[in-house]
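> take this sequence and fold it.
(one chain, ligands or ions: 1)
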Amino acid sequence: MMGILNVTPDSFSDGGAWFDTERAVAHGRAMIADGADIVDVGGESTRPGAVPVPVGEELRRVVPVVEALAPEVRVSIDTTKPEVAEAAVAAGATLVNDVSALLWPVAARCGVGWVAMHCKGTPLDMQRAPSYADVVGEVREFLVDRASLARSAGVEEVWIDPGIGFGKTVRHNLELLASLADLAGTGFPVLVGTSRKGFLGAVAPSSDGQPAPVGERLPGSIATAVWAMVRGATMVRVHDVAETVQAATLVGPAAGLSPRRP
Ligand code: HH2
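Numbers count the residues shown, from 1 in each chain. Below you'll find the model as predicted:
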């Protein structure tokens with residue numbers, strides 16, 4: 001289980017909640033207590049339309065939080081900037097979570113793991129009519145290509161992630177979730193992040209018929225996280241660690257999941 005720690009003022013679901021360093025560290029510790037195996041620290045929102053954060057500001061947000069948590073839990077750094085990835089590794093992070101899928105040379109140089117996530121476009125433009133001839137095939141081909149490059153460059157631990165909500169329509173997200181076994185079949189461990197994302201609210205609207213707002217997406221977040229695990233994801237990236245751990249603990253034995261992976 002990867003717990004999400006957004007040290008940002010503007011993340012789509014919890015912007016501002018953990019922007020202060022002390023509050024962020026306390027929330028990281030709470031997620032450890034709830035069962036997070038990895039805490040994923042990010043200092044820049046990737047929500048649709050998000051404007052990039054200057055490198056100095058991103059460093060200021062994440063480095064003290066990584067430093068504080070790294071002695072207590074495995075920390076990943078959610079960034080697309082080489083300078084931030086390197087500084088976070090120096091502060092104790094051992095995994096680079098990269099939504100641009102371009103930072104494998106940094107992971108190779110630093111001797112840490114790397115997550116290649118698929119994104120069509122950039123957060124600024126990714127939701128402007130994304131289209132694919134074959135979303136599952138194209139995402140798989142892209143990820144295997146990047147993951148193989150990383151392996152050849154010497155990165156030993158390489159994860160792949162379909163990038164739910166990143167340049168995808170609701171239908172694309174559902175097709176990718178339905179075909180996770182396909183990604184798992186590549187042999188690379190799969191990470192999936194559906195937590196609180198917009199497609200959950202679109203598929204299962206509120207009682208007034210409107211898309212369910214962020215605060216009403218916990219059931220869908222848990223259901224899709226458990227689904228992902230059952231269909232082959234080795235790790236899920238979630239905001240609500242305790243709730244997802246409880247669901248996985250219940251479903252796990254019936255589905256033949258091992259309690260903690262990796
Ligand atoms: N989703 C988000 C951010 N980083 N990394 C991976 N590997 N997979 C994901 O699905 C993923 C990710 C978006 O969620 P969140 O961090 O909660 O929001 P924001 O980008 O607005 O901070």
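> and the residue nearest to residue 218 when sequence neighbours are not counted, what does it touch?
Once flanking residues are discounted, residue 218 sits nearest to residue 240: 5.9 Å by CB to CB, 6 or more residues apart in numbering. Placement of C-beta: from N, CA and C, glycine included. Contact analysis of residue 240 by CB atoms under 8 Å, 6 or more residues apart in numbering lists 195, 218, 221, 222.
> show the buried residues in those residues.
195, 218, 221, 222 (16 or more other CB atoms under 10 Å).
> surely the last one is in contact with residue 242?
If I follow you right, that is residue 222. No: in this structure, residue 222 is not within contact of residue 242 by CB atoms under 8 Å, at 10.6 Å.
> now do the contacts for residue 198.
Contacts of residue 198 (CB under 8 Å, 6+ apart): 12, 165, 211.
> possible to save the residues you listed as CSV with secondary structure and distance to residue 255?
As requested, the contacts of residue 198 are exported to CSV (DSSP: H, G, I helix; E, B strand; the rest coil; distance: CB to CB, whole Å):
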residue, secondary structure, distance to residue 255
12, coil, 30
165, coil, 25
211, coil, 30
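> the one residue in the stretch 1-150 of the chain that gets nearest to the ligand: how many residues sit nearby?
For the stretch 1-150 of the chain, the residue closest to the ligand is residue 11, as judged by CB to the nearest ligand atom, at 3.1 Å. Neighbour count for residue 11, taken as other CB atoms under 10 Å: 23.
> helix, strand, or coil at the closest residue to it other than its chain neighbours?
Nearest residue to residue 11 in three dimensions, chain neighbours excluded: residue 45, at 4.7 Å (CB to CB, 6+ apart). Recorded secondary structure, residue 45: coil (DSSP: H, G, I helix; E, B strand; the rest coil).
> can you check residue 232 too?
Under three-state DSSP, residue 232 comes out as coil.
> most proximal residue of the chain with respect to the ligand?
For the chain, CB to the nearest ligand atom, closest residue to the ligand: residue 193, 2.5 Å.
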